[in-house]
Every structure is written in C-alpha cells, then in structure tokens.
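> what follows is a predicted structure for the sequence shown.
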Amino acid sequence: MPHYNSVAIFILGNFAKRFQQDVRMSKPKNQAKYWLSLTGIAVQMGVIIYLGSWLGEWLDEKYQKDNNMFTIILTLSAVAVSMYLVIKQTKKLNP
C-alpha cells in the first residue's frame, strides 16, 4: 500500500511543478492592464444583458404583451451576444 501512495505523490508533485511553470510562463507582463481588461469584459457583459432585458420589458409594456415574449427573446439574445464578445475578447488576451 505505501508504494501506491508514493507513486501518487510523485505524479501529483510533477503535475504541480508543470502547472506552476505554465502559470509563470503565461503571466502577462502588465498585470494591472490584464485585470482591468477582464473587469471591463465583465462590466460590458452585464450592461449588454441589462439593456436587452430593459428593452424587452419596455416593448412588452408598449405593445401590452402578457407573456413577456419581447423580454425573453431580447434577454436571451443579449446573453448570446455578450458571450460571443467575451469569447472574442478573451482570445485576444491569450494568444
């Protein structure tokens, strides 16, 4: 039984060393710029989804829809658009 534990510790130790090396090698040079861009992406996503739901509610009230069709459609569309933009922008951060 001790033999298996030492093999597992050896494998996990090597994995941890490789992971630390990968993290160090992939660190951007300017940490503040990196984190500010990630924060901007999150804010952008929130604003897009909020505006989609707000516009949907406004259209539902204007056209007196009881089933909230505009709200559902525009909110889901805003989520899809924001996810597309998040993926597009994060690909630029990690070439």
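All right, it came through fine.
> which strands or helices does the helix ranked longest in the chain pack on?
If you go by DSSP state H, the chain has its longest helix at helix 31-62. Helix 31-62 makes packing contacts with helix 69-93 when contacts are defined by 3 or more CB pairs under 8 Å, 6 or more residues apart in numbering; DSSP states H and E. Where you see a C-beta, it was placed from the backbone N, CA and C, and this is true even at glycine.
> who are the packing partners of the helix it packs on?
Taking 3+ CB pairs under 8 Å, 6+ apart as the contact definition, the neighbouring helices and strands of helix 69-93 are helix 31-62.
> residues of the helix it packs on that come out buried?
Within helix 31-62, the residues that qualify as buried are I41, M45, I48, I49, G52, S53, L55, G56, L59, D60, counting by 16 or more other CB atoms under 10 Å.
> report the contact partners of the residue lying closest to the fourth one once chain neighbours are set aside.
Read that as I49. Nearest-residue entry for I49: A78, 4.8 Å, with adjacent residues in sequence omitted and distances by CB to CB, 6 or more residues apart in numbering. When the contact criterion is CB atoms under 8 Å, 6 or more residues apart in numbering, the partners of A78 are I48, I49, L51, G52, S53.
> no more questions from me, cheers.
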